[in-house]
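predicted model and sequence below, questions to follow.
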Amino acid sequence: MTKFGDLINVEMPVLIDFYAQWSEEEEETGVVLNDVVAALGDKAKVMKIDIAKNETLVNALKVKANPTFLIYKNGELKWRQSGEQDANTLIAMVQQYV
């Protein structure tokens, strides 16, 4: 199992979606993230973390809402936003750190 620090301590931006599998918005967020991945290609990493399966991490990062998006670069938190986001917003945010 990979440690969270290893995932975020990279030179490229890392967009993380903290989500709940049971959420009605999950399917829509998945489509949005697919668009983000397609637009960014190998310029950034995009990952999803299930809040129910990662409670210790969720508590450590104080994730309170679903979904919550975070962008890290070189292990440093650059941006955080809770609530639904559209693909263009997420792409623009990540591109600031490419």
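That came through fine. Numbers count the residues shown, from 1 in each chain.

show me where this structure has its strands.
Secondary structure of the chain (DSSP state E): strands located at 14-19, 45-50, 68-73, 76-82.

winner for burial among these?
strand 14-19 (a mean of 23; mean count of other C-beta atoms under 10 Å). For the C-beta atoms, the positions are set from N, CA and C on the backbone; glycine is no exception.

and that one, what does it pack against?
Strand 14-19 sits against helix 4-8, helix 26-40, strand 45-50, strand 68-73, helix 87-95, with contacts defined as 3 or more C-beta pairs under 8 Å, 6 or more residues apart in numbering; DSSP states H and E.

out of these, nearest to Q81?
Among those, strand 68-73 comes nearest to Q81, with 5.2 Å by C-beta to C-beta.

from the chain's centre, how far out does the closest one sit?
Distance of strand 68-73 from the chain centroid (C-alpha atoms, centre = their mean, to the nearest Å) equals 5 Å.

who does it pair up with?
Strand 68-73 sits in its sheet next to strand 14-19 (antiparallel), strand 76-82 (antiparallel), going by DSSP bridges.

need the residues that contact it.
Applying C-beta atoms under 8 Å, 6 or more residues apart in numbering, the contact partners of strand 68-73 are 8, 10-18, 61, 77-82, 85, 90, 93-94, 97.

send me that strand as PDB with only the CA atoms.
Provided in PDB are the C-alpha atoms of strand 68-73 (Å, rounded to 0.1, in the frame of the first residue of the first chain):
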ATOM      1  CA  THR A  68     -13.800  17.600  -1.500                       C
ATOM      2  CA  PHE A  69     -11.000  18.400  -4.100                       C
ATOM      3  CA  LEU A  70      -7.400  19.100  -3.100                       C
ATOM      4  CA  ILE A  71      -4.400  19.900  -5.300                       C
ATOM      5  CA  TYR A  72      -0.900  19.100  -4.100                       C
ATOM      6  CA  LYS A  73       2.400  19.800  -5.600                       C
END
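
no further queries at this time; thank you.
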